[in-house]
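In: What would the 3D arrangement of this be:
(one chain, ligands or ions: 1)
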Amino acid sequence: MNGNETGAFTPKLDNVAIAVAEGGIALGTRLEGGIVTLESVPQGHKVALVDLKPGDAILRYGQVIGYAARLLPRGSWIEESAVVLPKAPDVDEIDALPFSPPARDLAFEASLDRELAGLSGIRFEGYRNPDGSVGSRNMLGIVPSVQCVAGVLNIAAAKIEKELLPKYPHVDGVAALNHGYGCGVAIDAPNAEIPIRTLRNLARHPNFGGEALIVGLGCEKLAPERIAPSCAGCQGRAAVGGGAAAAPAGASDIVILQEQAGFAGMIATLMAEAEKRLERLEARRREAIPLSELVIGVQCGGSDAFSGVTANPAIGYAADLLARAGATVMFSEVTEVRDGIHLLAARAADPEVRRRLLEEMRWYDVYLANGGVDRSANPTPGNKKGGLANIVEKALGSIAKSGRGVIEGVLSPGERSYEHGEGRRMKGIVFAATPASDFVCGTEQLASGIVLQVFSTGRGTPYGLAMAPVIKIASRSAIAKSWPDLFDLDAGKIATGDSTIEELGKELFAMILDAASGRYEPWADRHGIANDLVVFNPAPIT
Ligand code: CA
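Out: As a prediction, the model looks like this:
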């Protein structure tokens, strides 16, 4: 997978190549194999390596990404309108196939084991919680049960940061979560359990140490008790290992604004409750923890045609290493895996995992169909400019983030990884179903318990999360160079032959351990860049 002097990039089995060179490939350039470009090809876009007749399959990643819409002689630029979108793989057809265990690449597994054996005592420095979870940060979390309180809460949070936080040097920060849910919503409608469990699980996030404060208004539809960490009756199926054990019996972790004496009373109560928690959080220290206790997430945003051959496979290699060491790595973004579901289904650990994967695809198919969504709604205009012709090409590149290993489990949006399999955590590579939207995926993965996220982008986005570190990887060197104070890693070096997927993957693996341990501060964190949390609410708003 090396670029050549003329800047074309051709994995085996493909009948198209990607223009690597900055500025693209000029008309009349002679490529490897004597192919001469018939048009100029923008960077990241595809050039035909063979003569394609109308209807011929266009192969990228060794998979059909579409069919030629017209005659495309070799050397042609294959732009979006030249590619006919294939049908999505039929979920029922996959379901009807007899299950066969995933093919294991033993040589690859042995090479991962050699890498891991070379790292002395693979541990990270994290915060142990009473419920068994492990945090990467020590934060005061404040979770509103309804948007009505957000205005007051923001003022209180700023005051806590300015006046209280400096007194508690072992507390990393204050995260006052803002969201649009809580009232004016159909609380008992089908699918309303998704936003409700998302908020409940955000309040129990490992980085909050079981000390999150819930702030309610007093008349909202979502009773604050339903999302409080101490709520005994709120664990649902998750009776084991939940946050309830973290809160002392009888402790109140809810402040109701309607019960306070005016604005001054609200601020005074919130400051007092915050200080109580800061005192307890201040006593916490990092300790050496086996890598098998780490839970991270991966996602991409603003992708381009390089994402699938540089950044995402490097993330995939790091994911394979982590999973091999027993850590949990969540990948998500249903619409961006849907067209590669046949490849994921073949990696399912057992029939139940395959069934759950297909179930999440079906649910989303119905959700999108009900909304009348056209499949061409994803990719975005920016993705297309970056050379991604359609959702199939985007999906094949996107799933590279999940590595090559066995998929061990599936979570519905906002479900916690700690509460499956009779209290055991789901380990290894896990599909956590979420929308592909960056901030919704980030929010839902946080609810599922990630304490760090790896984020790849080719077009560039300054994305960040307040609750957990975000490591950002550029898929091409041009964007990494123009944003040196936003990217932590440049995977464009893979396309130019200056690094390999494995080398970059190992670099990322080490960076993940450092960031989870507080030894490395990713760029987004240094600047304090944090997107709003956007809770996934597929239920009606009233
Ligand atoms: Ca995304």
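In: Give me the three-state assignment for K472.
Out: Of the three states, K472 takes strand under DSSP: H, G, I helix; E, B strand; the rest coil.
In: And it, how far from G184?
Out: Distance, K472 to G184, by C-beta to C-beta, to the nearest Å: 35 Å. C-beta: built from backbone N, CA, C; applies to glycine.
In: Show me which of these two is the more surrounded one.
Out: Taking other C-beta atoms under 10 Å, K472 and G184 do not tie; K472 has more neighbours (26 against 14).
In: which ones are touching that one?
Out: Neighbouring residues of K472 by C-beta atoms under 8 Å, 6 or more residues apart in numbering: F455, S456, T457, Y463, L486, F487, D488, L489, P522, W523, A524.
In: Now the residue in the stretch 101-250 of the chain positioned nearest to the ion: which helix or strand?
Out: Closest to the ion within the stretch 101-250 of the chain is T198: 16.7 Å, counting by C-beta to the ion. Assigned by DSSP states H and E, T198 belongs to helix 193-203.
In: For the very next helix or strand once past that helix, report the contacting residues that lie outside it.
Out: Counting by DSSP H and E, the next helix or strand C-terminal to helix 193-203 is strand 213-216. Under the contact criterion C-beta under 8 Å, 6+ apart, strand 213-216 has outside partners 140-146, 149, 153, 203, 223-224, 227-229, 253-257, 270, 273-274, 277.
In: Quick check: the residue of the stretch 201-350 of the chain nearest the ion.
Out: The nearest approach of the stretch 201-350 of the chain to the ion comes at G301, 4.1 Å away (C-beta to the ion).
In: What number of neighbouring residues does that residue come out with?
Out: 24.
In: T380 now?
Out: By the criterion of other C-beta under 10 Å, T380 has 16 neighbours.
In: Which residues are in contact with it?
Out: Contacts of T380 by C-beta under 8 Å, 6+ apart are G302.
In: Kindly provide the distance from it to L165.
Out: According to C-beta to C-beta, T380 and L165 sit 38 Å apart.
In: Can you name the residues of the protein sitting close to the ion?
Out: Q299, G301, A436, D438, C441 (C-beta under 5 Å from the ion).
In: Just the ones of these in helices?
Out: In this view, these that belong to helices under DSSP state H are D438, C441.
In: Redo the residues of the chain next to the ion as TSV? Include pLDDT and distance to V64.
Out: Formatted as TSV, those follow (pLDDT from 0 to 100; distance: C-beta to C-beta, whole Å):
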residue	pLDDT	distance to V64
Q299	97	25
G301	92	25
A436	94	21
D438	95	28
C441	98	27
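In: for the residues of the chain next to the ion, which one is nearest H342?
Out: A436 (18.7 Å; C-beta to C-beta).
In: The closest one - nearest residue in space that isn't next to it in sequence?
Out: Among residues not flanking A436 along the chain, E333 sits closest, at 3.8 Å (C-beta to C-beta, 6 or more residues apart in numbering).
In: got a list of what the one you found touches?
Out: Neighbour list for E333: Q299, C300, S398, T434, P435, A436, C441 [criterion: C-beta under 8 Å, 6+ apart].
In: where do the helices sit along the stretch 51-200 of the chain?
Out: 91-96, 106-117, 150-159, 193-203 (DSSP state H, counting those that start in this stretch).
In: Give the stretch among those with the greatest mean number of neighbours.
Out: For the helices of the stretch 51-200 of the chain, the largest average neighbour count (mean count of other C-beta atoms under 10 Å) is found in helix 193-203, namely a mean of 25.
In: so what's the backbone phi/psi at the residue lying closest to P169 once chain neighbours are set aside?
Out: The shortest distance from P169 to any non-neighbouring residue, by C-beta to C-beta, 6+ apart, is to E282 (7.8 Å). Per-residue torsions, E282: phi -60, psi -30 (degrees, to the nearest 10).
In: ok, E282 touching Y168?
Out: Yes. Counting by C-beta atoms under 8 Å, Y168 is a contact partner of E282 at 4.5 Å.
In: more neighbours, those two?
Out: Set side by side, E282 and Y168 show unequal neighbour counts under other C-beta under 10 Å, the larger going to Y168 at 18 against 14.
In: got a pLDDT number for the more buried one?
Out: Looking at Y168, its pLDDT reads 98.
In: same deal with I399?
Out: 94.
In: What of V535?
Out: Reported pLDDT for V535: 96.
In: check contacts around it.
Out: H179, G180, Y181, P195, T198, L199, V440, T443, E444.
In: ok, now with 6 Å
Out: Counting by C-beta atoms under 6 Å, 6 or more residues apart in numbering, V535 touches H179, Y181, P195, T198, T443.
In: if you look at the contacts of strand 213-216, which of them are in strands?
Out: Among these, DSSP state E puts L140, G141, I142, V143, P144, I254, V255, I256 in strands.
In: need those in CSV with neighbour count and pLDDT, can you?
Out: Converted to CSV, the ones in strands among the contacts of strand 213-216 look like this (neighbours: other C-beta atoms under 10 Å; pLDDT from 0 to 100):
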residue, neighbour count, pLDDT
L140, 29, 98
G141, 26, 97
I142, 26, 97
V143, 29, 96
P144, 29, 96
I254, 19, 94
V255, 23, 96
I256, 19, 96
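In: Next, the residue nearest to A436: phi, psi?
Out: Taking degrees, to the nearest 10 as the convention, E333 sits at phi 60, psi 70.
In: can you check V430 too?
Out: Reported as degrees, to the nearest 10, the phi and psi values for V430 are phi -120, psi 130.
In: shouldn't it be in contact with V406?
Out: No. Applying C-beta atoms under 6 Å, one finds V430 not in contact with V406, separated by 10.8 Å.
In: Kindly export stretch 397-407 (C-alpha atoms) in CSV.
Out: Presented in CSV, the C-alpha positions along stretch 397-407 are these (Å, rounded to 0.1, in the frame of the first residue of the first chain):
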residue,chain,number,x,y,z
GLY,A,397,-13.6,2.7,5.1
SER,A,398,-15.5,3.3,8.4
ILE,A,399,-15.6,-0.3,9.6
ALA,A,400,-11.8,-0.5,9.3
LYS,A,401,-11.8,1.2,12.7
SER,A,402,-13.2,-2.0,14.2
GLY,A,403,-10.0,-3.9,13.4
ARG,A,404,-10.0,-7.5,12.2
GLY,A,405,-10.8,-9.4,15.4
VAL,A,406,-13.9,-11.2,16.6
ILE,A,407,-16.9,-9.0,17.5
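In: contacting residues around that stretch?
Out: Residues outside stretch 397-407 that contact it (C-beta under 6 Å, 6+ apart): 102, 298, 300, 307-308, 312-313, 315-316, 319-320, 323, 331, 336-337, 340, 347-349, 353, 429, 431.
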